[in-house]
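Peer 1: No sequence on hand, only this structure:
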């Protein structure tokens, strides 16, 4: 049995961020389902793993962890010599390349994720959950995301990937929400219509690791 | 002249996060003002440093960087042997202690910061900027922050600091918004009325580094 366990549904953006990282690092793991529709993420046992009652939670033979980006950093540290060895920058690039990855990983977390996840929720998930959409939220977050992607467009005109010449954890961290925006809403043009962002999206979403995540999500999707 | 320059007003929570980290690490730096009321953060020169037009920006002899938490990580990496050497966990604690710091730093970024900064904006900054307060936002974010702090209350009943026995970057990162919540709004009780969170707040806000940040903020505050 794999020593690494991830708890949560593959359909969750935060869970799929961790799964994509494990696949890039070629680390064996098992994904244990957490049925959020039944409130399993709020059960006393799950709260011992993730006290905020969110997914994913992570366990290996040494520790338990929560927060997807923190889990990804730990995977990169622990399995430094496995699989993709440059997710946190090339070793010879030292603390500078790591800093550039961290900078764009934080840009994802602070600038990209809030408006993109809000749009994905409103446009893709709210209808399936029988919730009413909020047109003001959609308009506001579309405007915010467009401004963020204008900055990305300039950056990706200078650089193949966000942090430099190599695919890194900063790019990877954008995959889950971008995937839903492009494939499950009518706002995917925010990404695909921008020349450099579109080229970057095409490249990062074609990675074998991400294609496996999408297969796992399809296998777990509720019947539509 | 110090080789490290931070661009932005000390009154900004993200700027003061970086300044507190530099003071903990005993790194010389200069703080260059950016007059946001005059739109200097949107000037072409500043956008070369920080393409999103936000503060802070950071420069040393090797690189420029943006995003406060990424800058703090770089400072901890670059000045590993300076000042407080355990901000990212004790060296002998290895990748596990670093992972626990990262976990709670992400909890600050994802769970604590959004509702706390929204409350601080509504209650402390909006009135000074002549903006109308949004009662619905205040009520919603107070509820969210209370739930987050209930988790912290349990954690800080088991552990002196969030990530373990030592003050870390995870604790430090909470200082800027908590400071305003406690000292510039009527909702400080969310922190001070909780036994363990209040004890933790008292301890972290009494550090010499943070007291210096508060002095710098007072020196830069507009006349009230």
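Peer 2: Sure, I can see it. In this text the structure is predicted, and so the values were computed from the model without any measurement. Residues are numbered from 1 along each chain as shown, chains lettered A, B, ... in the order given.
Peer 1: how much space is there between residue A:101 and residue A:220?
Peer 2: 29 Å (CB to CB, to the nearest Å). Placement of C-beta: from N, CA and C, glycine included.
Peer 1: If you count surrounding residues, which of those two has more?
Peer 2: residue A:101 (28 against 13; other CB atoms under 10 Å in any protein chain shown).
Peer 1: any idea how far chain B is from the more buried one?
Peer 2: 9 Å (CB to the nearest CB, to the nearest Å).
Peer 1: moving C-terminal of the lowest-mean-pLDDT helix or strand in chain A, what's the next helix or strand?
Peer 2: Across the helices and strands of chain A, mean pLDDT, DSSP states H and E gives its lowest value to helix A:126-128, namely a mean of 93. Going down the chain from helix A:126-128, the next helix or strand is helix A:135-158, by DSSP states H and E.
Peer 1: Buried residues of that next one, list them for me.
Peer 2: A:138, A:141, A:142, A:144, A:145, A:148, A:149, A:151, A:152, A:155, A:156 (16 or more other CB atoms under 10 Å in any protein chain shown).
Peer 1: Where do the strands of chain A begin and end?
Peer 2: Ranges of strands in chain A, per DSSP state E, are A:5-7, A:30-32, A:57-59, A:64-66.
Peer 1: so how far is the third one off the chain centroid?
Peer 2: For strand A:57-59, the distance from its own C-alpha centre to the chain's C-alpha centre is 16 Å (CA atoms, centre = their mean, to the nearest Å).
Peer 1: And the last one, by the same measure?
Peer 2: Distance, stretch centre to chain centre, for strand A:64-66: 17 Å (CA atoms, centre = their mean).
Peer 1: That strand near chain B anywhere?
Peer 2: Yes: contact between strand A:64-66 and chain B, assessed by CB under 8 Å from any CB of the partner chain, occurs at A:65, A:66.
Peer 1: what pairs with that strand, and is each one parallel or antiparallel?
Peer 2: Strand A:64-66 has the following strand partners under DSSP bridges: strand A:57-59 (antiparallel).
Peer 1: who touches stretch A:54-72?
Peer 2: A:3-9, A:12, A:14-15, A:17-18, A:21, A:34, A:36, A:41, A:46, A:49-52, A:74, A:78, A:105, A:109, A:169, A:172-173, B:96, B:99-100, B:102-103, B:105-107, B:110 (CB atoms under 8 Å, 6 or more residues apart in numbering or on different chains).
Peer 1: Are any of those buried, and if so which?
Peer 2: A:4-9, A:12, A:14-15, A:17-18, A:21, A:34, A:36, A:41, A:46, A:49-52, A:74, A:78, A:105, A:109, A:169, A:172-173, B:96, B:99-100, B:102-103, B:105-107, B:110.
Peer 1: Keep only those of the residues you listed that are in helices.
Peer 2: Under the assignment DSSP state H, the buried ones among the contacts of stretch A:54-72 contribute A:14-15, A:17-18, A:21, A:46, A:49, A:74, A:78, A:105, A:169, A:172, B:96, B:99-100, B:102-103, B:105-107 to helices.
Peer 1: Skipping adjacent residues, who's closest to residue A:110 in space?
Peer 2: With sequence-adjacent residues excluded and distances taken as CB to CB, 6 or more residues apart in numbering or on different chains, residue A:110 is closest to residue B:67, at 6.5 Å.
Peer 1: Next, the contact list for the closest residue to residue A:42 other than its chain neighbours, please.
Peer 2: The shortest distance from residue A:42 to any non-neighbouring residue, by CB to CB, 6+ apart, is to residue A:53 (4.6 Å). Contact analysis of residue A:53 by CB under 8 Å, 6+ apart lists A:41, A:42, A:46, A:47.
Peer 1: One more: residue A:106?
Peer 2: B:67, B:69, B:70.
Peer 1: tally of neighbours for the last one?
Peer 2: Residue B:70 is flanked by 25 other residues according to other CB under 10 Å.
Peer 1: What distance do you get for residue A:164 to residue A:31?
Peer 2: 31 Å.
Peer 1: An error on my part: the question was meant for residue A:2.
Peer 2: Distance from residue A:2 to residue A:31, by CB to CB: 10 Å.
Peer 1: For chain A, what lies in contact range of chain B?
Peer 2: With CB under 8 Å from any CB as the criterion, chain A comes near chain B at residues A:51-52, A:62-63, A:65-67, A:69-70, A:73-74, A:77-78, A:95-96, A:98-100, A:102-103, A:105-107, A:109-111, A:114, A:148, A:151, A:154-155.
Peer 1: Please point out which parts of stretch A:184-196 sit buried.
Peer 2: A:185, A:187, A:188, A:190, A:191, A:194, A:196.
Peer 1: surely the fifth one meets residue A:198?
Peer 2: Yes: judged on CB atoms under 8 Å, residue A:191 makes contact with residue A:198 at a distance of 6.4 Å.
Peer 1: burial count for the closest residue to residue A:98 other than its chain neighbours?
Peer 2: Spatial nearest neighbour of residue A:98, excluding adjacent residues (CB to CB, 6+ apart): residue A:89 at 4.6 Å. Residues near residue A:89, counting by other CB under 10 Å, number 24.
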